[in-house]
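A.B. asks: Sequence and predicted structure below; questions after.
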Amino acid sequence: MLSPDIQSKVNAWLTGAYDDETKQEIQKLIDNQSFTELTDAFYKDLEFGTGGLRGIMGVGSNRINRYTIGMATQGFANYLKKVYGKEWVHVAIAYDSRNNSEDFAQLTAEILTANGIIVYITPHLRPTPFLSFLVRDFECQGGIVITASHNPREYNGYKVYWNDGSQVVAPHDKNIIEEVRKVKVEDILFKGNTANIFTTTQKVDDKYLEAVKGLSLNPKMLARQKKLKIVYTPIHGSGITLVPQALKNLGFENVTIVAEQSKPNGDFPTVVYPNPEEAEAMKLGLEEAKRIDADLLLGTDPDADRVGIAVKNHHNQWQLLNGNQTAVLMTHYLLSGWEKNGKLTGKEYIAKTIVTTYLLNDIAKGFGVKCYDTLTGFKYIAELLRKYEGKETYIGGGEESYGYLAGEFVRDKDAVSACSIIAEMTAQAKDEGKTLFEQLLEIYVKYGFYWEHLVSITKKGKSGAEEIKAMMDNYRQNPPLTLGGSTVVRMCDYEKLIEYNFIEDTNAPMDFEQSNVLQFFTADGSVISARPSGTEPKIKFYFSVKSELQKTSDFDAVIPSVKLKIDQIVGELGV
């Protein structure tokens, strides 16, 4: 049976201003006594997390459908009008390859125009970073992209952007949520003015691609390495619209696209999860890379804001690199290039999230460049760009979850420009007679060897959310004294915004926005973070241990010890 509060919400949808198809679907669930499914669909309202509004498609307040999309859009429109008053408001819209994305984008456009807002919408699917560029280039007050990024096929979502092209942060995110909560289904203005919906043209694509090309640090080298063998897979997503052209613009003539995954398809028929973090999603790309003896494999997620890569390792075997390793290679390449080109003046910085490898901090220090740490979510890196614009120069940034950004013309993670930089740094390595993996080992020797591991635990539904909360409460109330044989010296609680120093028995306030994250720092340099996801029914544990690598040939011998240490810590935390 349903609880009284959930039954009340179900009744409201059955009797409210919802279409007959929606009501019939709800009644069908009731008739089939699908109470667990009904509970999960109605026990809460979707809220903006680090990635915006995201959920499983279907009926219910906790699902993505025309009404939750409609309420979000009406609430956003109300907020924009409240902020900008009588000014003309312009909003850009883009969408990815997911099922219903184009329909949801059109629905969003019509609701906005019904509220007197002018809309610029892409003619076909486009990557999320292109939406960010579009907001900035058209000087819009806001932006919306319909996507669920790398989530499974049953998901879709809705990301909201502010006038600088970044995802909304405080206070706008919370204010928008408040406006959305005020909206009732009968308040949604569904019928818009199509005369105020304008479709973007090829000129904007070309302008964005020219900006991507402008990130190149070594055009002369690229001319020598134009035959570099690259395999690219868009994994049925929007990357196919811009990534191949971006690589071509750099001069690469030998790009092979994985045919089976080249066409946009919201069912993602060749993969379980359309996520380049998953080895299974990169399987077809790896097979093609091996077949043609390529130099590099690139794979982007459905909305092309994340990229995964594979290269040949020191045993001449293909190996997928994790997000931390790719971020290390990209950052080192960018800083090296800026230094060689005489562009480092002492006012430059890079940015990373708190759960991303601390090797980036060490590399930045080695180049005399600042490294800022932010909360998880690329919107916080974008917030830094806004904060330091005109004062300091942003070179690049990244997060362990395969998101990277170079340059400032986009304010979100950008797999299109990342693919270009990764291809260029692969060409640079080859020009020097090396592979990317060999360069990674050299970085470990020079700056320190960090080994990271991620454990992601899914806890679905209301009971899962309660279980995740209990886990975090226990870690806060009973923090571990030792981890991996080393004393825990500090704990950072980003929800309470307090840093606890266990050695000195002191605590100090933290200058961050509140977030439900805990970090434990050990005496030997290990960092362990626990973070419930803001967009998925998951809790993630990030493990990072530090060791020494005296020479590159020691790599194989050191790996077992760092893996064993992580296994020990995993066991101690009961994960």
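C.D. replies: Great, that's in hand.
A.B. asks: Just say helix, strand or coil for residue 396.
C.D. replies: For residue 396, the secondary structure call by DSSP: H, G, I helix; E, B strand; the rest coil comes out as strand.
A.B. asks: What's the local residue count around the nearest residue to it once chain neighbours are set aside?
C.D. replies: Using C-beta to C-beta, 6 or more residues apart in numbering and skipping the chain neighbours, the partner closest in space to residue 396 is residue 406 (4.2 Å). Any C-beta I mention is one placed from the backbone N, CA and C, and that applies to glycine too. Under the neighbour criterion other C-beta atoms under 10 Å, residue 406 is assigned a count of 24.
A.B. asks: same thing with residue 465?
C.D. replies: Summarising burial for residue 465: neighbours were counted as other C-beta under 10 Å, giving 16.
A.B. asks: where along the stretch 101-250 of the chain do the strands fall?
C.D. replies: Counting by DSSP state E, counting those that start in this stretch, one finds strands in the stretch 101-250 of the chain at the ranges 118-121, 142-146, 155-161, 197-199, 230-233.
A.B. asks: and for the shortest one, what are the contacting residues?
C.D. replies: Under the contact criterion C-beta atoms under 8 Å, 6 or more residues apart in numbering, strand 197-199 has outside partners 109, 110, 113, 118, 119, 120, 121, 122, 123.
A.B. asks: Please tell me I have it right and the first one contacts residue 192.
C.D. replies: Yes - between residue 109 and residue 192 there is a contact under C-beta atoms under 8 Å: 6.7 Å.
A.B. asks: circling back: can I have the buried ones of the contacts of strand 197-199 as a PyMOL selection?
C.D. replies: A single PyMOL command is used to select the members of the contacts of strand 197-199 judged buried by 16 or more other C-beta atoms under 10 Å:
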select buried, resi 109+110+113+118+119+120+121+122
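A.B. asks: Just give me the residue closest to the centre of this protein.
C.D. replies: When the chain is reduced to its mean C-alpha position, the nearest residue by C-alpha atoms, centre = their mean turns out to be residue 403, at 5.4 Å.
A.B. asks: Model confidence score at the nearest residue to that residue once chain neighbours are set aside, please.
C.D. replies: Counting by C-beta to C-beta, 6+ apart, the nearest residue to residue 403 once its immediate chain neighbours are dropped is residue 413, at 3.2 Å. With respect to pLDDT, residue 413 scores 97.
A.B. asks: which residues does residue 413 contact?
C.D. replies: Residues in contact with residue 413, defined by C-beta under 8 Å, 6+ apart, are 129, 305, 306, 378, 398, 399, 403, 404, 405.
A.B. asks: Tell me how many other residues crowd the third one.
C.D. replies: Put plainly, it is residue 306. Burial measure for residue 306: 27 neighbouring residues, criterion other C-beta under 10 Å.
A.B. asks: One more: residue 421?
C.D. replies: Burial of residue 421 is recorded as 25 neighbouring residues (other C-beta under 10 Å).
A.B. asks: Wait, it touches residue 331, no?
C.D. replies: No - with contact defined as C-beta under 8 Å, residue 421 does not reach residue 331; the gap is 10.2 Å.
A.B. asks: still on that earlier bit, who does the residue nearest to the centre of the chain bridge with?
C.D. replies: Listed beta-bridge partners, residue 403: residue 399 (assigned using DSSP bridges).
A.B. asks: Could I get the full set of helices for the stretch 351-500 of the chain?
C.D. replies: 359-366, 378-388, 415-431, 436-447, 461-477 (DSSP state H, counting those that start in this stretch).
A.B. asks: Name the stretch among those that sits most buried.
C.D. replies: Between the helices of the stretch 351-500 of the chain, helix 415-431 has the highest mean count of neighbours, a mean of 25, where neighbours are mean count of other C-beta atoms under 10 Å.
A.B. asks: next one: it to chain centre, how far?
C.D. replies: On the basis of C-alpha atoms, centre = their mean, to the nearest Å, helix 415-431 is displaced by 20 Å from the centre of the chain it belongs to.
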